[in-house]
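[1] got a predicted structure here, sequence first:
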Amino acid sequence: MITRDLLVEILKNVADTIKENKELLTDLDAAIGDADHGINMNKGFKTVSEKLDTVKDKDCGTILKTVAMTLISTVGGASGPLYGTAFLKASMAVNGKMELDNEDIIKMFDEAIKGIVMRGKAQRGEKTMLDALIPAYEALKGSLEKGDDLSEAFIEAADAAKEGVEYTKTIKATKGRASYLGDRSIGHQDPGATSSYLILRTVANTLNQQED
Amino acid sequence: MITRDLLVEILKNVADTIKENKELLTDLDAAIGDADHGINMNKGFKTVSEKLDTVKDKDCGTILKTVAMTLISTVGGASGPLYGTAFLKASMAVNGKMELDNEDIIKMFDEAIKGIVMRGKAQRGEKTMLDALIPAYEALKGSLEKGDDLSEAFIEAADAAKEGVEYTKTIKATKGRASYLGDRSIGHQDPGATSSYLILRTVANTLNQQED
Amino acid sequence: MKKIINNPENVVNEMLEGIVKAHPQYVKRLEGLNVLVRANSPVKGKVALVSGGGSGHEPSHGGFVGEGMLDGAVAGEVFTSPTPDQIFEAIKAVDGGEGVLLVIKNYTGDVMNFQMAGELAEAEGIKVADVIINDDVAVENSTYTTGRRGIAGTVLVHKIAGAAAEKGMDLEEVKRIAEKVIANVRTMGMSLTPCTVPAVGKPGFQLGEDEMEVGLGIHGEPGTHREKVKTAAEITKDLLDKIFEDIELVEKDEVAVLVNGLGGTPLMELYIANNEVDKILKEKGIKTYKTIVGNYMTSLEMAGFSVSILKLDEELKELLDYKADTPAFKQL
Amino acid sequence: MKKIINNPENVVNEMLEGIVKAHPQYVKRLEGLNVLVRANSPVKGKVALVSGGGSGHEPSHGGFVGEGMLDGAVAGEVFTSPTPDQIFEAIKAVDGGEGVLLVIKNYTGDVMNFQMAGELAEAEGIKVADVIINDDVAVENSTYTTGRRGIAGTVLVHKIAGAAAEKGMDLEEVKRIAEKVIANVRTMGMSLTPCTVPAVGKPGFQLGEDEMEVGLGIHGEPGTHREKVKTAAEITKDLLDKIFEDIELVEKDEVAVLVNGLGGTPLMELYIANNEVDKILKEKGIKTYKTIVGNYMTSLEMAGFSVSILKLDEELKELLDYKADTPAFKQL
Ligand SMILES: Nc1ncnc2c1ncn2[C@@H]1O[C@H](COP(=O)(O)OP(=O)(O)O)[C@@H](O)[C@H]1O
Ligand SMILES: Nc1ncnc2c1ncn2[C@@H]1O[C@H](COP(=O)(O)OP(=O)(O)O)[C@@H](O)[C@H]1O
Ligand SMILES: [Mg+2]
Ligand SMILES: [Mg+2]
Ligand SMILES: [Mg+2]
Ligand SMILES: [Mg+2]
């Protein structure tokens, strides 16, 4: 169960993680893109963090929608609409709820991924954030189905995302700006997959600290 | 006495000298002007050299007028009309003559300088070609008056021109493009004075080789 | 990095201010937004055109706002797509009741941000259509990838679709015209120097004193390959050959030519390149109906150029000749 | 030296070819000469304007040949005044019976070559007058020197005197108008980089990574002094202060502003500079009647800009607003 307060805490921790990794994400994007992923993401989550205080007393749907709209209107580039759509679809899945159960979370995650696919028209294996997110979703779902609790399930999800990030090093980009590089993109880790992994790892960490 | 053939030889040698010193003149102009004096002069005298063959059987006036018109229509910049006018005035001073005696040469030189002053409105001491030409003219005249022969007189003229070039290093330009530099022109040698010196040195050398 | 700027963070804002102050008769800025629209927006009774993208391509896109071309231009950060909310505001500000055509260059970010804005506008009852420009023949075209980039050909789309809208064609027709231009325009570019994004502070790539980069986009990214510098004649031939590989042009075909500078190229060199373009087209018996030479779709201070060839028919010719009156493109 | 050229010796010729091929509706080239004249020259019944100078200042001067501006432009070698015979041919080709005004920038070479050509033309019975532009406030004005250089203010002389001629004023009147512009226009410029004359192959001067050159002309020569790079706001203030020292401007005065790029400056930076110009003029209560921003009087690929301020009266305003239709300056 994720309460509205916990949700806000998670999101604030995500903002901190992105800030700490701003340089890393930008450097990764410099190699195969245009060196702005860390700058873009940090601009977005910094604003998210500020906005959260104004909605922390609303329902989870509203909180997530605020995150979505903030990302959409501050990030720009490719990752802005993609993460924005992901949060928007997730918010729509939990409209009005004051806390989120496991089923809500699975639904949110599923809708988020569908939103990214709808928006970016990419599939797994194209060297994008989906290569972290889809395996993470599958791991989360599997873990919850076999009876793990949410904090355990998110550790499995983050581990799967990490593997997905490693996998992006081995493949060629066929979507996004990195695709203009053709084979020259092989060997480099995808910045968007990396930011997705970092987000999931932060969720897992927050949930696990919570339990202590 | 300068015969028409000798005149043509001198002019061809001048063209060669300018060609050899193209880089030097351009570098001098780069420092306080626009880096084209060598290029301009070489373009002009190269064409002069070609045209000379078509008029070498004409009188000295016609030969010099051809030089003048060629310089006017090929050199451009400041030095084109200045040297062009100089040769034009010189040619007018010796119209119809098949050879030039000392008096002709003094008159030509005098008229040439007057033409430059008329056209460019500069005086001695403004860091222009006049700072080489006027002392050279005075030296030539003095030398001939004290009975030297023409080849000796041109050595004195060239030496005086050389001193004039050195003098231009010590003064500030108040005419021509270098004047925009103000005091920053001090310390640099004037390109036009240098080309004037080179021309006079070539006349001197040709006359002296002639005698051997 | 040497630039005539105050603060790298503030270049887009100050530039937009400078544009509005220079051309108040043409454009106004939407308060608090990086959006320029026609001074008399919304223009009733005509389809409106909205374009835009990252900044750094000036005069694109704000310079083309005006009669006969764009109604609105949205400016992102340097080389970064603008966000949907800004684009949405632009759409609302220019819609004169006949709908809005979004002119999008084919970059993942641009496409997504503009289309999201379009969805938001449609949700408010505004008719919206879009076209996606992909004129860069340097990149292989493929349905399995993001496809080709949109580069200088965009200017011709603005000109011709803008004329169609000005003449009173409806949204569907304006979109058809824009798509016809897109289907018939091809561009290929090269550069002699990299460029420096103000916020980054160092050039996007390095080039040797005798090297040039060929087949490049307009975001300071490297091109498809690097070569030793060649003559204007050789370079132009290479660029055109790549274009000819991609679009069939036969004797008597009529084309428009855009020799586009990337920002740091002197006009002298662009005209020398145009002289070569003209020779090559004449040799092939292709008729140049109109030539445009200048800095229209730039990459900051990059030195280099692109050639765009647009195959014309009677309809496109008429629209190309139509009056335009914008800060950066005027035609009487 | 990296340039999009074929042969340094041939840049002027090929450039002129490229211009004619791009703009045949505007200009034609006099056979065998480096002279561009209006496609319909000579225009009967109006005073003709002939300008020109060294090449490397594109779009000056050929780009301003057309209705409402010049009748002929003579192109010398890069940064070298053209020769009198070429100017003479230009005068003959454009004279429509009402006489010819020579628009000369104050450089020893330009003045001498144009005036020699004027003398030749007068000898053939053509009415000729001339004006000498000296708008550059970087150089001290003095009767003991060559005086100030003519730089970007020239564009405004072309525009306004061109309009006067187009409106049918006689030679004396057109000359009076040109002289009024000259008396009221001041320019000051700076650069971040040098430029390279093709035939020379190396830059005219060297600048450090944090240095700029201030008070410079348009021939790649160094300026009056060198400074550490400053912000756009500081630079613009310095340039305007120098102009204000030289021409009295009081509250409510109306001016035209030209923010002129030197060839390699991205438009983004020119607009940022314009934003600063506008702030300073507003602070002084001076009214900006018209602003022109772009590359109009360039020095090859030099990065930098100049600001020109022209104090206006009713007569000049009306002429400034007059229609112009040339390759590089159009006004509907
Ligand atoms: N079509 C797409 N679908 C999913 N993710 C994408 C797509 N295109 C790009 N991405 C992701 O976006 C990341 C780049 O984001 P960012 O650098 O912020 O945007 P931009 O490429 O516009 O500069 C890539 O690393 C990739 O993971
Ligand atoms: N008014 C003048 N009178 C005499 N000589 C002059 C005058 N102005 C310039 N010069 C000479 O011309 C030379 C420059 O010639 P050049 O470089 O060919 O022309 P430009 O200055 O037009 O580029 C100067 O070094 C100077 O000697
Ligand atoms: Mg990026
Ligand atoms: Mg010179
Ligand atoms: Mg980006
Ligand atoms: Mg010169």
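    Happy to help now that I have it. Ligands and ions are numbered 1, 2, ... in the order given.

[2] from here on, contacts and neighbour counts on C-alpha atoms
    OK.

[3] and residue 133, how many neighbours?
    I'll assume chain A. Applying other C-alpha atoms under 10 Å in any protein chain shown, we find 29 residues neighbouring A:Leu133.

[4] that's the wrong chain, I meant chain C
    By other C-alpha under 10 Å, 26 other residues sit near C:Ile133.

[5] for it, what are its contacts?
    C:Val103, C:Ile104, C:Lys105, C:Asn106, C:Arg149, C:Gly150, C:Ile151, C:Gly153, C:Thr154, C:Ile182 (C-alpha atoms under 8 Å, 6 or more residues apart in numbering or on different chains).

[6] please redo it, this time with the cut-off set to 10 Å
    Taking C-alpha atoms under 10 Å, 6 or more residues apart in numbering or on different chains, we find C:Ile133 in contact with C:103-107, C:111, C:148-154, C:157, C:178-179, C:181-183, C:185.

[7] repeat that for C:Asp95.
    Going by C-alpha under 10 Å, 6+ apart, C:Asp95 touches C:41-50, C:71-72, C:101, C:121, C:126-128.

[8] switch to 6 Å and redo it
    Contact partners of C:Asp95, counting by C-alpha atoms under 6 Å, 6 or more residues apart in numbering or on different chains, are C:Pro42, C:Ala48.

[9] how confident was the prediction at it?
    We have a pLDDT of 98 for C:Asp95.

[10] over to C:Glu251?
    Model confidence at C:Glu251, given as pLDDT, is 95.

[11] name the residue of the stretch 101-250 of chain C that lies nearest to ligand 3.
    C:Gly109 (9.0 Å; C-alpha to the ion).

[12] what about that residue, helix or strand, and which?
    Element membership for C:Gly109 (DSSP states H and E) is helix C:108-123.

[13] grab the nearest non-local neighbour of the residue of the stretch 101-250 of chain C closest to ligand 3.
    A:Ala78 (3.7 Å; C-alpha to C-alpha, 6 or more residues apart in numbering or on different chains).

[14] swap in A:Leu25?
    A:Gly38 is the one closest to A:Leu25 (C-alpha to C-alpha, 6+ apart), at 4.6 Å.

[15] separation between that neighbour and ligand 6?
    Shown here: A:Gly38 relative to ligand 6, a distance of 51 Å by C-alpha to the ion, to the nearest Å.

[16] isn't that residue right up against A:Leu28?
    No - A:Gly38 lies out of contact with A:Leu28 (C-alpha atoms under 6 Å); the separation is 8.8 Å.

[17] more neighbours: which of these two?
    Set side by side, A:Gly38 and A:Leu28 show more neighbours around A:Gly38, with 25 against 21, by other C-alpha under 10 Å.

[18] three-state assignment of the more buried one?
    Under DSSP: H, G, I helix; E, B strand; the rest coil, the three-state class of A:Gly38 is helix.

[19] state the distance from it to A:Thr85.
    19 Å (C-alpha to C-alpha, to the nearest Å).

[20] so how far is the one helix or strand A:Phe154 maps to off the chain centroid?
    Using DSSP H and E, the element containing A:Phe154 is helix A:150-168. Its chain's C-alpha centre and that of helix A:150-168 lie 12 Å apart, by C-alpha atoms, centre = their mean, to the nearest Å.

[21] in which helix or strand would I find the residue lying closest to C:Tyr322 once chain neighbours are set aside?
    Among residues not flanking C:Tyr322 along the chain, C:Ala163 sits closest, at 6.0 Å (C-alpha to C-alpha, 6+ apart). According to DSSP H and E, C:Ala163 maps onto helix C:153-166.

[22] check which element follows that helix along the chain.
    Downstream of helix C:153-166 (by DSSP H and E), the next one is helix C:171-184.

[23] and stretch C:70-85, anywhere near ligand 5?
    Yes - counting by C-alpha under 5 Å from the ion, ligand 5 has neighbours in stretch C:70-85: C:Thr80.

[24] re the thing from before, what packs against the helix holding A:Phe154?
    helix A:130-145, helix A:191-211 (3 or more C-alpha pairs under 6 Å, 6 or more residues apart in numbering or on different chains; DSSP states H and E).

[25] can you do 10 Å?
    Here helix A:150-168 touches helix A:102-120, helix A:130-145, helix A:191-211, going by 3 or more C-alpha pairs under 10 Å, 6 or more residues apart in numbering or on different chains; DSSP states H and E.

[26] now the helix holding C:Gly109: how far from the chain's centre is it?
    Centroid separation between helix C:108-123 and its chain, computed with C-alpha atoms, centre = their mean, is 19 Å.

[27] in contact with C:Glu166: list those residues for me.
    Contact analysis of C:Glu166 by C-alpha under 10 Å, 6+ apart lists C:43, C:45-49, C:67-70, C:160, C:174, C:319, C:322-324.

[28] can you check A:Ile18 too?
    Taking C-alpha under 10 Å, 6+ apart, one finds A:12, A:24-25, A:38-39, A:41-46, A:195, A:198-199, A:202 in contact with A:Ile18.

[29] quick one: low-confidence residue ranges for chain A.
    Chain A contains residues with pLDDT under 70 at A:211-212.

[30] number of nearby residues for the closest residue to ligand 1 within chain C?
    Going by C-alpha to the nearest ligand atom, ligand 1 is nearest to C:Gly109 of chain C, at 4.6 Å. Per other C-alpha under 10 Å, the neighbour tally for C:Gly109 reads 26.

[31] ramachandran angles for A:Glu20?
    Taking degrees, to the nearest 10, you get phi -60, psi -30 for the backbone angles of A:Glu20.

[32] counting neighbours, what do you get for it?
    Quick note: A:Glu20 (other C-alpha under 10 Å) scores 13 neighbours.

[33] pLDDT averaged over the helix holding C:Ala163 - what is it?
    Mean pLDDT, helix C:153-166: 98.

[34] sorry, back to before: buried ones among the contacts of C:Ile133?
    The neighbour count (16 or more other C-alpha atoms under 10 Å in any protein chain shown) marks C:103-107, C:111, C:148-154, C:157, C:178-179, C:181-182, C:185 as buried among the contacts of C:Ile133.

[35] name the residues of stretch C:297-316 that are buried.
    Neighbour-count burial for stretch C:297-316 flags C:297-312, C:316 (criterion: 16+ other C-alpha under 10 Å).

[36] which residue does chain A have closest to ligand 5?
    Counting by C-alpha to the ion, chain A gets nearest ligand 5 through A:Gly77, at 4.8 Å.

[37] quick check, that residue in contact with A:Gly120.
    No - at 12.0 Å, A:Gly77 does not count as touching A:Gly120 under the criterion of C-alpha atoms under 10 Å.
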